[in-house]
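# Requesting a structural model of the entry that follows:
(one chain, ligands or ions: 2)
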Amino acid sequence: MTRPTGFRILGVQHVSLPIEPGGQDLARSFYVDLLGLPEKPVPPTLPQHLVWVDAGSQELHLLVEDDAVDLNPRSRRHPCLEVDDVTALRATLDANRPAALLRARPVRQPDRVRHVRGRGVRAVVLRAEWAPRDDESGRFDSRDPERRIAPRANRTWRDPVFTLETRPDPAPSHDLVVIRVRACGICGSDVHLHERDADGYMVYPGMVGTPVTTGHEFSGTVEAIGPDVVDVAIGDPVCAEEIAWCGECLACRSGLPNNCTRLEELGFTFDGAHADLVAVRARYVWSLRPLLDAGIAQPRLFHLGALVEPASVAFIGLFVTAGGFLPGSTVGVAGAGPIGLAAIALAHAAGASRVVAVEPSAARRQLALAMGADAAHDPRELGPDGFADIARETTRGRGIDRWVEASGARGVAERMAATLAPGGRVVLIGRGPHTIELDPEHLIVRGASMAGSIGHSGSGAFGRVIELMAAGRLPMDRIVSDTVPLDGMVAALERLRDREAGKTIVEP
Ligand SMILES: [Zn+2]
Ligand SMILES: [Zn+2]
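Numbers count the residues shown, from 1 in each chain. Ligands and ions are numbered 1, 2, ... in the order given. Take a look at the predicted model:
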């Protein structure tokens, strides 16, 4: 027997069970009334005495047969398996006809094949070797048994490799929205997924499952919607949240979706948008219609759409997690990457009196000024009391009302805490391997605080960021420095190791 090649069984689509003639009402009273499974219409080309019900993501098809109870050799009872490439499956079955268990029979109802797949979509796929360093454990993805998920990638995944592959078309089942990707940013996290440490392990510290299609800051147009989708229409320009918050854990039910304890992440634990098509649940999708209505043309519209995600990370940190932002505040931002740059523009739009940036890259300091910073400093040119000097200059000695730490560099948070205004706050967004050594007097005496912030969900952040973009007050597209096609992405990842560039956007 030849090994199966070219196709993959995706799961059980339905199971067909025989029932007695006239047994439909009895079947309905059990499956629909008692078990609560929703009945679904039988396609018009099929006999209408069938009863179909949804059972989770699979279906049960009840077919009427004489001798339903006995083992009738002519029975049409069967399980239906979903396959990604039916042509490749057929070739394998044909090649193994003598050994095949079952007699092949043509299907007479072609419209029962919901999606003609086979063609596949191009996707940039991350693969790595599972090699836990110590007692790290992981889990398998319940929806994709091939994918293994590690809570800490840098302890577990070795020799990461990115390749452009052909993957099955995503299917618009249930509440899924299939989006044709028009723009998807390459994030610092993507660079860290690609980079290896001295032992060959992924540098990225967070949760990662492989194989996985990367890409989590994206925009596109809606290609198809599942039957349970309500508020999204085919053809709409949209973007989507990266955090797949569960909605049911204690954090989610406390209004803290960014701190969901059962979250999955687009482009990290399930397939993302460095691809022609991506499928996300409707609850994470946001319309970009405000940009369209504001007369913003392509490709700018989709570049802005792809940058809603990093801008919303800054929005949540600056206004939600730290809370209590007042117009007239002085704001300092360390690290002028996409999140820091968004924080500068958001502080400016929200009525900050002065915004200062600290950033070693000259190109990024220029961007900081373009996004609304009043001054941008090179930390290497500052003395040991550099942050204090900045605070004194900027605020006439009062101190900074709000510092945003978006650099992840060692020693920055301490200096921020030491230069706060009374009631001031440090927002920690940048992540690094260092620890913070802090004199608590800085916070105690000034009634100041530090807040850690992660994520971009909740508080309508995406919608507010999109409206600010439509109003021309969040010109995030200015940070786009490069666009590459999908087949140029792996080379772009190599290039981005030096971190000098602005935002590189993949345009499939
Ligand atoms: Zn990112
Ligand atoms: Zn949750």
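
# Count the neighbours of residue 146 for me.
Residue 146 sits with 10 neighbouring residues when counted by other CB atoms under 10 Å. All C-beta spots, glycine's among them, are computed from the backbone N, C-alpha and C.

# again with the one 4 residues further on
Neighbourhood size, residue 150 [other CB under 10 Å]: 23.

# Return the residues in contact with it.
With CB atoms under 8 Å, 6 or more residues apart in numbering as the criterion, the residues that contact residue 150 are 130, 132, 136, 138, 156, 157, 207, 208, 209.

# min pLDDT across these, which one?
Of all the contacts of residue 150, the model is least confident about residue 136, whose pLDDT is 72.

# separation between that one and ligand 2?
Spatial separation of residue 136 from ligand 2 under the definition CB to the ion, to the nearest Å is 23 Å.

# Count the residues that sit near that residue.
For residue 136, the neighbour count with other CB under 10 Å is 16.

# quick one on the thing from earlier: are any of the contacts of residue 150 buried, and which?
Listed as buried from those are 136, 138, 156, 157, 207, 208, 209; burial here means 16 or more other CB atoms under 10 Å.

# from memory the second one sits against residue 147, does it?
No. In this structure residue 138 lies outside contact range of residue 147 using CB atoms under 8 Å: 10.1 Å.

# what is in contact with these two at once?
Contact with both residue 138 and residue 147 is made by residues residue 209, according to CB under 8 Å, 6+ apart.

# how many neighbours does residue 441 have?
Here the neighbour count serves as a burial measure; for residue 441 (other CB under 10 Å) it reads 10.

# What parts of the stretch 51-200 of the chain come near ligand 1?
For the stretch 51-200 of the chain, the residues in contact with ligand 1 under the definition CB under 5 Å from the ion are 187, 189.

# Can you show me the strands along the stretch 51-200 of the chain?
Counting by DSSP state E, counting those that start in this stretch, residue ranges of the strands within the stretch 51-200 of the chain are 51-55, 58-64, 78-83, 121-130, 139-140, 148-150, 157-167, 176-186.

# List of residues touching the first one?
Residues from elsewhere that reach strand 51-55, judged by CB under 8 Å, 6+ apart: 14, 19, 24, 27-28, 31-32, 37-42, 59-62.

# Buried ones among those?
14, 19, 27, 28, 31, 37, 59, 60, 61, 62.

# got a list of what the last one touches?
By CB under 8 Å, 6+ apart, the contact list for residue 62 reads 16, 17, 18, 19, 24, 27, 31, 50, 51, 52, 53.

# mind running it again at 10 Å?
Contact criterion CB atoms under 10 Å, 6 or more residues apart in numbering gives 15-19, 23-24, 27-28, 30-31, 49-53, 68 as the residues in contact with residue 62.

# so what's residue 378 scoring on pLDDT?
Reported pLDDT at residue 378 in the predicted model: 96.

# What of residue 70?
On the pLDDT scale, residue 70 gets 61.

# Please apply the same query to the one 5 residues further on.
Residue 75 carries a pLDDT value of 73.

# Now that it has come up, it's in contact with residue 63, right?
Yes. Look at residue 75 against residue 63 with CB atoms under 10 Å: they come within range, at 8.8 Å.

# Overlap in contacts, these two.
Counting by CB under 10 Å, 6+ apart, the shared contacts of residue 75 and residue 63 are 16, 17, 18.
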